[in-house]
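>>> after the sequence you'll find the predicted model.
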Amino acid sequence: MAADSNSNKVLSPKHLAHIVLKTQDVKRLSTFYKEFLGAHANYENQQMSFLTYDDEHHRIAIIEIPGLAAKDPNSAGLDHIAFTYEKVDDLLTAYKQRKALGMLPAWSVNHGPTISIYYMDPDGNRIETQVDTFDTVEETNAYMTGPEFAKNPIGSPVDPEDLIRKLENGTPWSELKKPQDIGARGMETIPWYKGQA
């Protein structure tokens, strides 16, 4: 055994493998995620679908369970899942492709460490698509442990169409990725938590 079995810290996994969503309609949700992620099914039947878009055998599994109640947005549980793009051009290309399919964002924001575009799936699950704004993990960690992030860990709104226009007009990514100082922001500034936080 390679790990130190005397350590008080649990051995961390290699990576996060997949998420599983339960639904009332596996076909509808599977179709959505195939389109949303450019994914395909490695296996599916009338009750389940195992989707992938990369080298993992499945990143999202969807299972249909008869009699499920609709999602309650006021219950505890998973808030959203997030997918990272390598470059801002890729994030914005996917945004344009989704828009052409009628998939429009629920919220777009510069969180500081990422620029993120959020969507809702047909069951009301939130999905974040993002691109990192720092070049290294060390830079990201330094920002997230600094005073700027502590003042506003939510971020400032961004408009994907505005980002596209500015990039096409030659504004450098190094300028566009900088978070704006808009003062302190808390959970109440997130659209789906207004009036709750």
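Noted; the coordinates are in hand.
>>> could you confirm residue 181 falls within a helix?
No - looking at residue 181 with DSSP: H, G, I helix; E, B strand; the rest coil, it is coil, so not inside a helix.
>>> list the contacts of it.
Going by CB atoms under 8 Å, 6 or more residues apart in numbering, residue 181 touches 148, 152. (Each C-beta comes from the backbone N, C-alpha and C, glycine too.)
>>> what separates it from residue 151, distance-wise?
8 Å (CB to CB, to the nearest Å).
>>> and for residue 88?
From residue 88 to residue 151 the distance is 24 Å (CB to CB).
>>> ok, residue 91 - how many residues close by?
21 (other CB atoms under 10 Å).
>>> give me the three-state assignment for it.
helix.
>>> so it touches residue 108, yeah?
No - contact criterion CB atoms under 8 Å: residue 91 and residue 108 do not qualify, at 10.3 Å.
>>> intersection of neighbour lists for these two?
115, 117.
>>> name the SS class of the closest residue to residue 107 other than its chain neighbours, please.
Spatial nearest neighbour of residue 107, chain neighbours left out: residue 118 (4.4 Å); criterion: CB to CB, 6 or more residues apart in numbering. Secondary structure assignment for residue 118 (three-state DSSP): strand.
>>> wait, doesn't residue 118 sit right on residue 103?
No - the criterion here is CB under 8 Å, and residue 118 misses it with residue 103 at 11.4 Å.
>>> helices along the chain, start to end?
26-37, 88-100, 137-144, 147-151, 160-168, 173-176 (DSSP state H).
>>> any chance of those in CSV with distance to residue 69 as columns?
CSV is the format used below for the helices of the chain (distance: least, CB to CB, whole Å):
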stretch, distance to residue 69
helix 26-37, 16
helix 88-100, 28
helix 137-144, 37
helix 147-151, 37
helix 160-168, 34
helix 173-176, 42
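>>> of all those, which one is nearest residue 81?
helix 26-37 (10.3 Å; CB to CB).
>>> got any ranges where this protein has weak pLDDT?
Scanning the chain with the threshold set as pLDDT under 70 gives 1-6, 195-197.
>>> domains in it, as residue ranges please.
14-66, 80-197 (automatic domain parsing).
>>> want to throw those domains into a markdown table with distance to residue 72?
Shown next, in a markdown table, are the domains of the chain (distance: least, CB to CB, whole Å):
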| stretch | distance to residue 72 |
| --- | --- |
| domain 14-66 | 14 |
| domain 80-197 | 9 |
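>>> right, I'll call it a day here.
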